[in-house]
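Q: Would you be able to build a 3D model of this:
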Amino acid sequence: MSGVALQLTRLLADPATPPDVRDWTAILSCARAESLGGTLAFRLQGQALPAEVERLMEDARRASGTVRTEALWEAEMARRALAPLGLPVILLKGTAYAAASLDAAQGRSIGDLDILVPRAALPKVEQALLAAAWEWVKEDAYDDAYYRRWMHELPPLIHRARDKMIDVHHTILPLTARPKPDAEALIADSMPLEDGLRMLSPADMVIHAAAHLLADGDLAGGLRNLWDIDRLLRQFAAADAAFWQALHARAKRHHLLPALHRAGRLANDLYATPVPESWRVWDGADPLFKARLLARDGWGRATRRPLRFGFYVRSHALRMPLPMLARHLWTKARR
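A: Numbering: from 1, shown residues only. Presented below is the predicted three-dimensional model:
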């Protein structure tokens, strides 16, 4: 069943048309499962809602404020730990949106702290974080070696006192993935934030969101990630008449035009995101991506397990060639 998830997307796109009172439990359950509860709460602010729903929305708005504060504090802790190195530290994803006060940050759930640094600086960054009380999450030798040799990030670290994770990226897709984003360009064209940290350029921010959604995973949390893309596209296009041309050129440079265009088509379909007309021609696989994004029932539970499994397999196939994938899965299975 995809009805409730589709209702959720329609409500986010047009909060002035609330659902029937009987549908609220299903919609709120789906929003919570998709990490869109805070986003929905802000979208519905000022609307006439049932009293019980409004109380839940107010709680979600307060909780989102706490999440934002904690995320920005964690970014500041990383900045202090890495400041002596004198290298660019670029915030990614939700923390970057919050630090820049972008529309995508409103009500957004923020989990781990994601940063991007030059690949050559990884040993120094690693040592600085370990000295500042972060420690390894994955202690298995195989997992550690796998991350260091093939992935786009160090093995994840967690702070022993604050219990917060940090993912240190040196590019935005695994080294084994077919698209090869220009990591040096991502860093060179990043933009300063007021606190001494940095964020990706507007075009690169959208491209990273599209890559994260469609070129590096199984679409888990996809409705939230697609909402990020909707908010970013609307805000950046409204601020810069040349944004679409710059975005196209940048995605071509990063070899991510197909992912960007598919993300635009899906956002246009589910959130009415304005995108160029040339992007809107669907291909044969788009309905499968849409079905995967909407695979929730009225209790927020995952549905369409065969489809989800297919996207899980796809996510691994995107990350590595078939012989390497077979060896990796065999090694994991034996353990």
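Q: ranges for the strands of the stretch 1-150 of the chain?
A: Per DSSP state E, counting those that start in this stretch, the stretch 1-150 of the chain carries strands over the ranges 90-91, 113-116, 134-136.
Q: does Lys290 sit in a helix, a strand or a coil?
A: Here Lys290 is helix, with the state taken from DSSP: H, G, I helix; E, B strand; the rest coil.
Q: got the contact list for Asp240?
A: Residues near Asp240 by CB atoms under 8 Å, 6 or more residues apart in numbering: Pro202, Ala246. No exception for glycine: its C-beta is placed from N, CA and C like everyone else's.
Q: Relative to Ser101, how far out is it?
A: Distance, Asp240 to Ser101, using CB to CB, to the nearest Å: 17 Å.
Q: nearest spatial neighbour of Asp286, skipping sequence neighbours?
A: Spatial nearest neighbour of Asp286, chain neighbours left out: Arg265 (6.0 Å); criterion: CB to CB, 6 or more residues apart in numbering.
Q: Find the helix or strand that the one you found is a member of.
A: Taking DSSP states H and E as the criterion, Arg265 maps to helix 257-271.
Q: in this structure, what secondary structure element scores lowest on mean pLDDT?
A: Ranked by mean pLDDT, DSSP states H and E, the weakest helix or strand in the chain is helix 322-334, scoring a mean of 67.
Q: which stretch among the strands of the stretch 1-150 of the chain comes nearest Leu226?
A: Proximity to Leu226, assessed across the strands of the stretch 1-150 of the chain by CB to CB, is greatest for strand 113-116 (18.0 Å).
Q: Show residues contacting that closest one.
A: With CB under 8 Å, 6+ apart as the criterion, strand 113-116 contacts 71, 74-75, 78, 89-93, 95, 164-172, 183, 186-187, 190, 200.
Q: one more time with 6 Å, if that's ok
A: If you take CB atoms under 6 Å, 6 or more residues apart in numbering as the criterion, strand 113-116 is touched by Glu74, Val89, Ile90, Leu92, Lys93, Thr95, Ile166, Asp167, Val168, His169.
Q: What about those residues, which are in helices?
A: Among these, the ones falling in helices (DSSP state H) are Glu74, Lys93, Thr95.
Q: before we move on, back to that, who are the contact partners of the residue nearest to Asp286?
A: Arg265 touches Trp279, Trp282, Asp286, counting by CB under 6 Å, 6+ apart.
Q: Same list (those) but as a markdown table, adding neighbour count, pLDDT and secondary structure.
A: Formatted as a markdown table, the contacts of Arg265 follow (neighbours: other CB atoms under 10 Å; pLDDT from 0 to 100; DSSP: H, G, I helix; E, B strand; the rest coil):
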| residue | neighbour count | pLDDT | secondary structure |
| --- | --- | --- | --- |
| Trp279 | 18 | 94 | helix |
| Trp282 | 15 | 95 | coil |
| Asp286 | 14 | 96 | helix |
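Q: now, among those, which is nearest to Ser315?
A: Using CB to CB as the measure, the one of the contacts of Arg265 that approaches Ser315 most closely is Asp286, at 17.4 Å.
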